[in-house]
Structures are given as structure tokens and as C-alpha cells.
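J.: sequence first, then the predicted structure, then my questions.
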Amino acid sequence: MDPSQITMIPCIQRGSQTFGSSLYFFGDRFLHNAHVKCFDKVSQVKKECMCVIVATITNLLVANGWIYEACLKCNKKVYEEALSFICVGCGNESASTIPK
């Protein structure tokens with residue numbers, strides 16, 4: 001991925017360790033005594049450590065292969081041919097697909 005396509009959003013530290021509307025069933029235990037850092041600070045850590053990054057995906061770069069069109073019957077990748085799509089899994093010829 002071209003680093004120039006990455007948008008860094010300034011970190012806003014909050015007193016709470018809950019993140020938006022995300023639900024963690026074991027959230028209290030999972031985040032107990034968590035040391036909250038902004039992503040730019042995590043990338044500066046010099047020693048090896050374990051970390052959890054909570055993020056929100058706001059945009060997929062479709063041209064870079066992050067998603068593909070899939071067959072409605074078997075969810076395998078389809079290839080465009082003329083005005084329809086042909087599934088590599090089941091051979092279904094359909095004009096309808098679903099992004100995966």
C-alpha cells in the first residue's frame with residue numbers, strides 16, 4: 001500500500017477506555033489497566049510488546065483488491081464477461097453479485 005494514501009487522524013485521548021459504540025463482552029477485563037496510546041505513539045515504542053489497536057474503517061480502497069465481486073449462490077469470486085458475471089466456483093452466470 002502506498003503510505004501517501006493513509007490518512008492519520010489526530011488522537012484525542014479520553015478519560016474512558018470505551019470506544020464509540022463498540023461492544024466487548026469481556027471488555028472490562030480485557031481493557032483492565034490498559035495503557036492507552038495514540039497510534040503514532042505506538043509506532044515509536046522501541047521494545048517488543050503486545051498491543052491491541054481499536055480502529056474504525058472508514059474507506060476501502062477497492063482498486064487495491066480489498067474487496068471482490070462474489071457469486072450470490074456460493075460466495076466464490078466471479079469474473080465479468082460481456083454483460084454478466086461467471087462464478088469460478090459453481091459456474092453460475094448471473095448479472096447480480098455481492099461485494100465481499
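T.: Received, thanks.
J.: show me where the chain has its helices.
T.: 27-30, 39-42 (DSSP state H).
J.: looking at those helices, which has the lowest confidence?
T.: Mean pLDDT is lowest for helix 27-30 among the helices of the chain, at a mean of 60.
J.: what sits against Lys100?
T.: Counting by CB atoms under 8 Å, 6 or more residues apart in numbering, Lys100 touches 67-70, 75. The way it works is simple: take the backbone N, C-alpha and C, and place the C-beta from them, glycine included.
J.: if we go to 6 Å?
T.: 68, 70 (CB atoms under 6 Å, 6 or more residues apart in numbering).
J.: distance of it from Leu60?
T.: Shown here: Lys100 relative to Leu60, a distance of 11 Å by CB to CB, to the nearest Å.
J.: ok, which stretches of this protein are strands?
T.: Assigned strands in the chain, in chain order: 69-71, 78-81, 84-87, 93-94, 97-99 (criterion: DSSP state E).
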